[in-house]
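[1] let's see this in three dimensions:
(2 chains)
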Amino acid sequence: MPTSKQRFYFYLLLLSVPLFFIWHLYSGPTDLSIITALKDLLNGNSSTDALIFSEIRLPRALLAICIGISLALSGAALQGLLINPLASPDLLGVSQSGVFAAVLVLYYGLASLSWFIVPLAAMSGALIAVAIIFSLAGKYQGALTIILIGIAINALTSAMTSLALNFAPNPFALQEIYFWMLGSLSNRSSNELFFALPFMMLGWALIFPRKRFLDAMSLGEDTALSLGFNLKKQKLLLIFGVALCTGASVAVSGNISFIGLMVPHLLRPLVNNEPGRLLTYSALGGASLLLLADTLVQNIPGPQELQVGVITAALGGPFFLLLIFKNRHLLR
Amino acid sequence: MTPIIKANNLCWEINQTKIINDISLTIESGQVLGIIGPNGAGKSSLLKILARINKPQTGKLNLFDKPYTEIDLRSFAKKIAYLEQNAPVNWPILVEKVIELGRSPHQKSYAKLNPEDNVAIKKAIEATGIKHLLGRVISSLSQGEKMLVALSRIFSLEPKLILADEPTAALDPYHQLLIMELLQNHTKTNQDQAAVVVLHDLSLATRFCDKLLLMHKGKIVSSGTTESVLSDENLREYYKINCYSDFKQGLIQPLNRI
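    Predicted coordinates for the structure are as follows:
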């Protein structure tokens, strides 16, 4: 049963998403009247404001929400499944594999063929990484095995990405690759949103119903099985959901780090460490954190817009350390 | 009356090593069946086979005369509860959450607890007397308290059969007795219920078990009443110890190794 304090935080979290959403819509290099833009859109006037709003601002804000939800949800699901607060799509190399696949495509110049080639490659990369991790683990799907394989894949794909960077044919490709590695939401259109959304939604639909299974996993695999859960099926659905969410996120935004690891960690005390309830909280928290980070990116003055992945990592790192420092007695 | 579980010629091996070797057994309702034997005899493995966690390569397993393979996991889970050794809990969740999880086989998808669930949970908490632990985090409890919480989780399920793996290991004498009494009560208050308990403490085995199985190297080498199974010869041959036994007092005191 949630206490009144927990309920308060839940509503705060719920409220923060629309608030940050609106702030995000108002942020950008040009001054824009959202009201005028909306009016023009409704009346069918194709003004500049309406165009900027519908083709740039709105897709970017919606992408921030969807990617925030997907990354944080993947992190929470993996941490619950592997019963390990360290697990996250970045640590397991899932995101990195997506980035690597995207970089390969950019490197060979295939990206110019069509806008969806890069996202498609990133998505496939993430799915392949998940497939490799779990087929290598085979029947020994203990948390440690999976995390160790994940770390190895992470190291391998990171190295390969650096290699590609080293041999990049021209400075333009270098910059593109660099953007992918850091993660960014700038210059995204509704194309990307419509590409990623179905995959993400399928991922959410696979992860959310596994709430009680994740709760049961806190009693160990054997007990979860004895409580009537079909471990193989539940795990497979969950992992596929994570692959879809992470893959679709990396596909349109590159590697936005730390959200998958940090958000569930941050919110766990609010749900009494229950992995099931953590899913909803993480989804909300991820959406609002990424909205906030992407808003900051657009409001920080400078010659060039900062990558949102830089902000999440730069803010996330110290904050995360502080959190660990405060809770280190609880971590075993 | 049909037995709760009937097992015939079970074999289970890992990497060509036979852990369970041709075991047949019957679990009747209304009794506490103790599984004893030296370390590595296969007691926990057998329990996991009965709990459907380990899949035997050969042999037949029936629950109420129906093969395990024909029963879906959830209906199986409603009848058989499994208490893992040390009852681990991997996240510091609240005591009530652990107990609530015991109801999951009865709950549909992610529905909230219904009145029936709440009654069962309340009864389980009363039976184990752990009302004072509610609201606490499981990781802050002592081993004895954790075991009581685990037992409440199992009682809340209202199972026909409890399979408990060394529930008294690492507990103080007070909690050892309490846990065994609770398991015994479970089978005595409702005659259609039973418990199978893996035990190392032979005195507890004589006092609380109606029947014993003695395992050695994956086989059942002796079964029946406590007195017949815990005979001096058996203790010497399989445990390699001499004991002082007083079955009236429920006392088996190991004296020396052979």
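[2] and residue A:249, how far from residue A:82?
    Residue A:249 sits 19 Å away from residue A:82, going by C-beta to C-beta, to the nearest Å. Using the backbone N, CA and C atoms, a C-beta is placed for each residue, glycine as well.
[3] more neighbours: these two, which one.
    More neighbours surround residue A:249 than the other of residue A:249 and residue A:82, with 37 against 22 (other C-beta atoms under 10 Å in any protein chain shown).
[4] what about the more buried one, which SS state?
    helix (DSSP: H, G, I helix; E, B strand; the rest coil).
[5] what's the neighbour count on the residue of the stretch 1-150 of chain B found nearest chain A?
    Nearest residue of the stretch 1-150 of chain B to chain A (C-beta to the nearest C-beta) works out as residue B:77 at 3.0 Å. Using other C-beta under 10 Å, residue B:77 has 23 neighbouring residues.
[6] show me what contacts the residue nearest the centre of chain B?
    Among the residues of chain B, residue B:164 comes closest to the average C-alpha position under C-alpha atoms, centre = their mean, at 1.9 Å. The neighbours of residue B:164, taking C-beta atoms under 8 Å, 6 or more residues apart in numbering or on different chains as the test, are B:83, B:183, B:195-198.
[7] residue A:83 - nearest residue in space that isn't next to it in sequence?
    residue B:90 (4.4 Å; C-beta to C-beta, 6 or more residues apart in numbering or on different chains).
[8] sec struct for residue B:242, please.
    strand.
[9] got the contact list for the spatially closest residue to it that is not a sequence neighbour?
    Of all residues not flanking residue B:242 in the chain, residue B:255 sits nearest, at 4.8 Å (C-beta to C-beta, 6+ apart). The neighbourhood of residue B:255, defined by C-beta under 8 Å, 6+ apart, consists of B:241-244.
[10] state the distance from whichever residue of chain A sits closest to chain B to residue A:134.
    Closest to chain B within chain A is residue A:228: 3.0 Å, counting by C-beta to the nearest C-beta. Residue A:228 sits 23 Å away from residue A:134, going by C-beta to C-beta.
[11] compare the two (neighbour count), which wins?
    More crowded of residue A:228 and residue A:134, by other C-beta under 10 Å: residue A:228, with 21 against 18.
[12] what does the pLDDT read for residue 22?
    Looking at chain A here, since you left the chain open. With respect to pLDDT, residue A:22 scores 92.
[13] oops, wrong one, chain B.
    For residue B:22, the predicted pLDDT is 92.
[14] now the one helix or strand it maps to - C-alpha only, PDB.
    Take DSSP states H and E as the rule and residue B:22 turns out to sit in strand B:17-27. The C-alpha atoms that make up strand B:17-27 are tabulated as PDB, following Å, rounded to 0.1, in the frame of the first residue of the first chain:
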ATOM      1  CA  THR B  17      25.800 -37.600 -12.800                       C
ATOM      2  CA  LYS B  18      22.800 -39.200 -11.300                       C
ATOM      3  CA  ILE B  19      21.600 -36.900  -8.500                       C
ATOM      4  CA  ILE B  20      18.200 -38.700  -8.100                       C
ATOM      5  CA  ASN B  21      18.300 -42.400  -8.800                       C
ATOM      6  CA  ASP B  22      15.100 -44.300  -9.200                       C
ATOM      7  CA  ILE B  23      13.000 -42.800  -6.400                       C
ATOM      8  CA  SER B  24       9.400 -43.700  -5.800                       C
ATOM      9  CA  LEU B  25       7.300 -42.200  -3.000                       C
ATOM     10  CA  THR B  26       3.800 -41.300  -1.900                       C
ATOM     11  CA  ILE B  27       2.800 -38.300   0.000                       C
END
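[15] what does chain A put close to chain B?
    Applying C-beta under 8 Å from any C-beta of the partner chain, one finds that chain A approaches chain B through A:1, A:83, A:209, A:211-212, A:215-220, A:222-223, A:225-230, A:272-276, A:330, A:332.
[16] what residues are up against residue 9?
    I'll assume chain A. residue A:270.
[17] actually chain B
    Applying C-beta under 8 Å, 6+ apart, the residues contacting residue B:9 are B:22-24, B:58-60.
[18] the helix or strand it falls within: partners in the sheet, and parallel or antiparallel?
    Assigned by DSSP H and E, residue B:9 belongs to strand B:5-14. Within its sheet, strand B:5-14 is paired with strand B:17-27 (antiparallel), strand B:58-63 (antiparallel), according to DSSP bridges.
[19] as a markdown table, these with distance to residue B:149 and mean neighbour count would be great.
    Below are those laid out as a markdown table (distance: least, C-beta to C-beta, whole Å; neighbours: other C-beta atoms under 10 Å in any protein chain shown):
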| stretch | distance to residue B:149 | mean neighbour count |
| --- | --- | --- |
| strand B:17-27 | 25 | 17 |
| strand B:58-63 | 27 | 17 |
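[20] of all those strands, which one comes closest to residue A:52?
    Proximity to residue A:52 (C-beta to C-beta) singles out strand B:58-63 among the strands paired with strand B:5-14, at 66.2 Å.
[21] contacts for that closest one?
    Against strand B:58-63 from outside (C-beta under 8 Å, 6+ apart): B:4-11, B:22-24, B:49-50, B:67-68, B:71, B:76, B:79-80.
[22] could you check how far residue A:52 is from residue B:79?
    From residue A:52 over to residue B:79 (counting by C-beta to C-beta), the distance is 63 Å.
[23] for residue A:159, grab the count of nearby residues.
    Neighbours around residue A:159, by other C-beta under 10 Å: 12.
[24] same check on the one 5 residues further on?
    Residue A:164 is surrounded by 18 other residues when neighbours are defined as other C-beta under 10 Å.
[25] contact residues of chain B facing chain A?
    B:48, B:51-53, B:73-78, B:80-82, B:84, B:87-94, B:96-98, B:101-102, B:104-105, B:107, B:109-110, B:137, B:139, B:153.
[26] now do the helices in the stretch 201-332 of chain A.
    A:211-217, A:221-226, A:231-253, A:259-267, A:275-299, A:308-327 (DSSP state H, counting those that start in this stretch).
[27] could I get the ones you listed as a markdown table with mean pLDDT?
    A markdown table is the format used below for those (pLDDT from 0 to 100):
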| stretch | mean pLDDT |
| --- | --- |
| helix A:211-217 | 93 |
| helix A:221-226 | 92 |
| helix A:231-253 | 89 |
| helix A:259-267 | 90 |
| helix A:275-299 | 93 |
| helix A:308-327 | 81 |
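[28] return the most buried member of the ones you listed.
    Ranked by mean neighbour count, the helices of the stretch 201-332 of chain A are led by helix A:259-267 with a mean of 27 (mean count of other C-beta atoms under 10 Å in any protein chain shown).
[29] and the angle for it with helix A:275-299?
    Orientation check (axes from the mean of the first three to the mean of the last three C-alpha atoms, to 10 degrees): helix A:259-267 against helix A:275-299 gives 120 degrees.
[30] now find how far off-centre helix A:259-267 is within its chain.
    11 Å (C-alpha atoms, centre = their mean, to the nearest Å).
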